[in-house]
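1. Give the three-dimensional model of this entry:
(2 chains)
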Amino acid sequence: MISVSGVAKRFPNGTEALRDLSFSISEKEFVSLLGPSGCGKSTALRLVAGLLAPDQGHIEYPHGKPEIGFVFQDPTLMPWADALTNARLPLDLKGWPRDQANAVAAASLYQVGLGQFTRSYPRELSGGMRMRVSIARAMAAGPKLLLLDEPFAALDEITRNQLGDDLLRLWRDNGLTILFVTHSVSESSYLSERVLVMTPRPGHIAAEIALPTGRDSRLSPATVEAQRKISDVLNTVMAA
Amino acid sequence: MKRLLDIALPLAVAALVIGAWQWAVAHWQVPGYVLPAPSAIVTAFLNNFGSLAAALTATFLITIEGFVGAVAAALALAILFSQSRLIERSLYPYAVILQVTPVVAIAPLILIWIGFERINLALALLAGLIAFFPVLTSTMLGLKSVDFNLMDLAWLYGASRWRMLWKVQLPSALPHLLSGMKTGGVIALIGEVTAEFAAGSGTATGLAWRITESSNRLEIATTFAALALLAALGVAIFAALSLLEWWLLRRWHESAIRP
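-> Numbers count the residues shown, from 1 in each chain, chains lettered A, B, ... in the order given. Down below sits the predicted model:
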């Protein structure tokens, strides 16, 4: 679905964020991009979304650019609008008729467990609920590709685990392709099918780890084994 | 209890000051043409109620005309600036020049150009000129302070500039616009009064004219009554704009939500 080859990115302040970044993602895959803070994970995600242009290299969508949903680390909601209006934003921006957009946004909020909170304003919601609205907004656009930039980093562990399970359900139910940026080994080991480990800046892919099946809980032997494997690779990458 | 104190304390201070003023004028037998007693001011207000009310109405209407024009122009220009850096860089310095030039200095020119036969229009223009800049700068700041991630989302979903402006930028800038309006509303009144003074007596019909006219006749109690009305008008404009701000932001903005 996505092919990233030889991508480099340097910012105007001279920071070289990425150098020779290459990876590919197949349709309906759940891939985590894992690395230390500042290694260029978010930059890579923005390049994939088309929010940034690479200085070198190519980002290609062999079957055409799919509809993309993007979830930021902060919920990035509009404080002046209720949950329904926030979830409706992509459709409003595309010029959908109001009734149709409302129906889709309400269904999207229902999918993330916020069916009862359509008229609540962001300030009336908890951190986890705000992030759910943000995910509902990304889902409302009917994406094929969902890009998430450390969406659970600011949440407590219980909420983070709940949202992780919800994300897995959305992935399976909707046939999504997911690229998930994280610096959490445990999150990537449980959620994804494949982990791309990045080097410190300038970032590139140092290792690619395909995870075994059977990781049906966070403490299952397969998940713990996957965690150990990812940690070992990450430690080697950081030591180098 | 706290809200009651917020109202009671300023009223108690006012009562104390007015009481002391009344006593001091009587005790030292201060002449009425120097400092009239509060009771004399109330009497002058009642005796001249008709003319003072007419002057108040004139000042109010001209101020509102100027203010509404200033808000419309400032909003339009801020939107234009937000859409084009080139236009902003070309025109913004002139907006600054307009602001730093005292209204008293340009009032005679405006009065001559527009003509004394259309004095109210000239006064409204001068009131608007002074109110324009704070609304412009606040709105510009608001339009520039939009969450970059929201703008990225808008871009990602292929929003047109118009939709981006209407759905994201303008609502985000609303608190800044309203804050600029609060400042602009009050200084529009100052601009109007200054312009009336610059126009001189015999042409304008507002409160500044009543102040000039009554002080020329040494009817200082009437001057004080007109001044009190002017202050009350300023407070009323500020209160009305504060109420509008609260009403529009009450559901979501920190400034309007009481803990």
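2. Pass me the low-pLDDT residue ranges in the stretch 151-259 of chain B, would you?
-> Where the stretch 151-259 of chain B drops to pLDDT under 70, the residues are B:201-204, B:258-259.
3. Any idea how many residues pack against residue 92?
-> Let's take chain A. If you count neighbours by other CB atoms under 10 Å in any protein chain shown, residue A:92 ends up with 22. To be clear about C-beta, it is placed using only N, CA and C from the backbone, and glycine gets the same treatment.
4. You answered for a different chain; I wanted chain B.
-> Residue B:92 - counted by other CB under 10 Å - has 15 other residues nearby.
5. So which elements touch the helix or strand harbouring it?
-> Using DSSP states H and E, residue B:92 falls within helix B:85-100. Packing partners of helix B:85-100 (3 or more CB pairs under 8 Å, 6 or more residues apart in numbering or on different chains; DSSP states H and E): helix B:49-83, helix B:119-144.
6. For residue 206, which residues are in contact?
-> I'll assume chain A. The contact partners of residue A:206, by CB atoms under 8 Å, 6 or more residues apart in numbering or on different chains, come to A:197, A:198, A:199, A:233, A:237, A:240.
7. try again with chain B
-> Taking CB under 8 Å, 6+ apart as the test, what residue B:206 contacts is B:55, B:56, B:58, B:59, B:62, B:123, B:192, B:193, B:196.
8. hang on, the earlier thing: can you add mean pLDDT and give the helices and strands packed on helix B:85-100 back as a markdown table?
-> Formatted as a markdown table, those follow (pLDDT from 0 to 100):
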| stretch | mean pLDDT |
| --- | --- |
| helix B:49-83 | 96 |
| helix B:119-144 | 94 |
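9. Show me which of those helices has the highest average neighbour count.
-> Of all the helices and strands packed on helix B:85-100, helix B:119-144 carries the top mean neighbour count, a mean of 24, counting by mean count of other CB atoms under 10 Å in any protein chain shown.
10. which is the next helix or strand following it?
-> Beyond helix B:119-144 on the C-terminal side, the first helix or strand identified by DSSP H and E is helix B:148-156.
11. Would you point out which residue of chain A is nearest chain B?
-> Proximity of chain A to chain B (CB to the nearest CB) peaks at residue A:93, 3.7 Å away.
12. Tell me which residues touch residue A:116, please.
-> By CB under 8 Å, 6+ apart, residue A:116 has no neighbours at all.
13. actually residue B:182, sorry about that
-> Residues near residue B:182 by CB under 8 Å, 6+ apart: B:238, B:241, B:242, B:245.
14. so when I look at residue A:7, I'm seeing a helix, right?
-> No: assigned with DSSP: H, G, I helix; E, B strand; the rest coil, residue A:7 falls outside any helix and is strand.
15. Give me the pLDDT value at the closest residue to it other than its chain neighbours.
-> Spatially, and ignoring its direct neighbours in sequence, residue A:7 is nearest to residue A:57 (3.5 Å; CB to CB, 6 or more residues apart in numbering or on different chains). pLDDT, residue A:57: 95.
16. for residue A:57, what are its contacts?
-> Going by CB under 8 Å, 6+ apart, residue A:57 touches A:4, A:5, A:6, A:7, A:8, A:20, A:21, A:22.
17. Of those - the most surrounded one?
-> Within the contacts of residue A:57, most neighbours by other CB under 10 Å means residue A:21, with 28 neighbours.
18. Now do the same for the closest residue to chain A within the stretch 101-250 of chain B: helix, strand or coil?
-> Using CB to the nearest CB, the closest approach of the stretch 101-250 of chain B to chain A is made by residue B:159 at 3.7 Å. Classification of residue B:159 using three-state DSSP returns coil.
19. what's the burial count for it?
-> Neighbour count of residue B:159, defined by other CB under 10 Å: 22.
20. what does residue A:56 give?
-> For residue A:56, the neighbour count with other CB under 10 Å is 13.
21. What sits closest to it if chain neighbours are left out?
-> Residue A:56's closest residue in space is residue A:8 (CB to CB, 6+ apart), at 4.1 Å.
22. so who does residue A:93 touch?
-> Applying CB under 8 Å, 6+ apart to residue A:93 gives the contacts B:153, B:154, B:157, B:158, B:159, B:163, B:164, B:167.
23. and what of residue A:130?
-> Residues near residue A:130 by CB under 8 Å, 6+ apart: A:75, A:77, A:122.
24. tell me which element the closest residue to residue B:167 other than its chain neighbours is part of?
-> For residue B:167, the nearest residue in space outside its immediate sequence neighbours is residue A:92; the separation is 5.5 Å by CB to CB, 6+ apart. For residue A:92, the element it lies in under DSSP H and E is helix A:83-94.
25. elements contacting the following helix or strand past that helix?
-> Once helix A:83-94 ends, the next helix or strand along the chain (criterion: DSSP H and E) is helix A:98-111. The contact analysis (3+ CB pairs under 8 Å, 6+ apart) places helix A:98-111 against helix A:83-94, helix A:127-140.
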